[in-house]
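Chemist: sharing a model that was predicted from the sequence below.
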Amino acid sequence: MKTILLASAAAATLFAAPAFAQNAIGSVGVTYSNPSVEVAGDDVDADVWTVDGTVALPAADWTVTLNGAVDYTKAFGEEVVTGVAAAHLTKMWTSDVRAGAFVAANDIGSGNDPVWTVGAEAQKYLSNATLTGLVAYTTSDDSDADIWTVGGDAAFYVMPNLRLNAGVSYNNVDVAGGDVDAWTYGVGAEYEIENTPFSVGAAYNRADVDSIDVDTWSLGLRYSFGGGLQARDRAGAGLNVSSITSVLGGL
């Protein structure tokens with residue numbers, strides 16, 4: 001219960017950040033996801049509701065980006081509430097290249113130890129696209145797993161208010177029984193409703209972890225502050241660790 005309260009407090013602080021940071025840019029969203037886990041020919045579905053927020057706080061050439069989320073998951077006849085939190089420190093090294101490092105904690109409030117991730121990330125900004133790459137290390141004491149991840153994502157702006165993206169990552173998972181290679185990949189779209197701060201999004205992601213396959217469809221509604229879709233990317237408010245959490249879902 002204590003960790004759930006801490007996660008909720010962190011999310012509340014994150015959502016309130018725009019009131020205290022004049023130049024803040026980010027978003028708050030609600031998402032429904034339907035993961036389908038296939039293990040040895042058997043399929044298990046889950047229902048996941050997520051409330052999440054991201055805020056980017058600039059300071060000269062540097063930017064602090066904070067992510068927070070609370071997940072309500074219903075699966076295997078059980079209901080679980082967990083939290084995710086991450087912090088990124090990046091710098092604009094040139095007019096169109098951002099790079100830095102991040103730390104993240106997953107599985108907060110589950111009753112297990114948090115799953116920690118550290119990594120480096122970079123973004124290249126083009127006129128109508130954003131390219132993102134990361135290298136990360138994740139450790140999970142409860143799953144006795146260590147994960148090395150290399151991933152990338154390309155987002156293309158068909159229109160200023162319509163973004164399409166595709167991403168892929170390779171993961172080496174070191175577990176008690178040996179090493180496992182895992183791949184995650186996905187596509188998504190987000191459409192910002194004209195003359196409003198609201199957008200709707202949809203995504204499909206797949207994680208292949210040895211004999212475990214996880215297919216996830218998601219639908220969401222998002223409220224942006226400080227700028228629209230492309231402005232969020234340019235400000236560092238699009239940084240997250242979704243490719244890593246996709247792998248963790250299969251463990």
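Modeler: It's in.

Chemist: against Ala203, how distant is Phe225?
Modeler: 22 Å (C-beta to C-beta, to the nearest Å). Just so you know, the C-beta spots here come from the backbone N, C-alpha and C atoms, and that holds for glycine as well.

Chemist: and Thr65, by the same measure?
Modeler: Taken as C-beta to C-beta, the span from Thr65 to Ala203 is 20 Å.

Chemist: same question for Val118.
Modeler: 25 Å.

Chemist: which one of these two has more residues nearby?
Modeler: The neighbour count for Val118 versus Ala203, taken as other C-beta atoms under 10 Å, is higher for Ala203 (19 against 12).

Chemist: quick check: bridge partners of the more buried one?
Modeler: Gly188, Ser218 (DSSP bridges).

Chemist: just to check, it is in contact with Asp215?
Modeler: No. Contact between Ala203 and Asp215 fails when scored by C-beta atoms under 8 Å: they sit 11.5 Å apart.

Chemist: which residues in the protein form helices?
Modeler: Under the criterion DSSP state H, the chain contains helices at 2-16, 229-234, 242-248.

Chemist: list the buried residues of the shortest one.
Modeler: Along helix 229-234, the positions that meet the burial threshold by neighbour count (16 or more other C-beta atoms under 10 Å) are Leu229, Gln230, Arg232, Asp233, Arg234.

Chemist: could you do stretch 123-137 as well?
Modeler: For stretch 123-137, using 16+ other C-beta under 10 Å, the buried residues are Gln123, Tyr125, Ala129, Thr130, Thr132, Gly133, Leu134, Ala136.

Chemist: what is the nearest of these to Asp42?
Modeler: The closest of the buried residues of stretch 123-137 to Asp42 turns out to be Ala136 (C-beta to C-beta; 30.3 Å).

Chemist: the residue nearest to the closest one when sequence neighbours are not counted: neighbour count?
Modeler: Counting by C-beta to C-beta, 6 or more residues apart in numbering, Ala136 lies nearest to Gly119, which is 3.0 Å off, once chain neighbours are set aside. Residue neighbour count, defined by other C-beta under 10 Å, stands at 22 for Gly119.

Chemist: partner residues bridging Gly119?
Modeler: Phe102, Ala136.

Chemist: before we move on, what about Val180?
Modeler: Val173.

Chemist: so it touches Tyr170, yeah?
Modeler: No. Between Val180 and Tyr170 there is no contact under C-beta under 8 Å: 11.8 Å.

Chemist: give me the more crowded residue out of these two.
Modeler: Val180 (19 against 15).

Chemist: residues in contact with Gly228?
Modeler: Gly228 makes contact with Pro160, Asn161, Glu192, Pro197 under the criterion C-beta atoms under 8 Å, 6 or more residues apart in numbering.

Chemist: so who does the last one touch?
Modeler: Under the criterion of C-beta under 8 Å, 6+ apart, the contact partners of Pro197 comprise Tyr223, Ser224, Phe225, Gly228.

Chemist: might one say that the second one is in contact with Gly26?
Modeler: Yes. Assessed by C-beta under 8 Å, Ser224 is found in contact with Gly26 at 7.4 Å.
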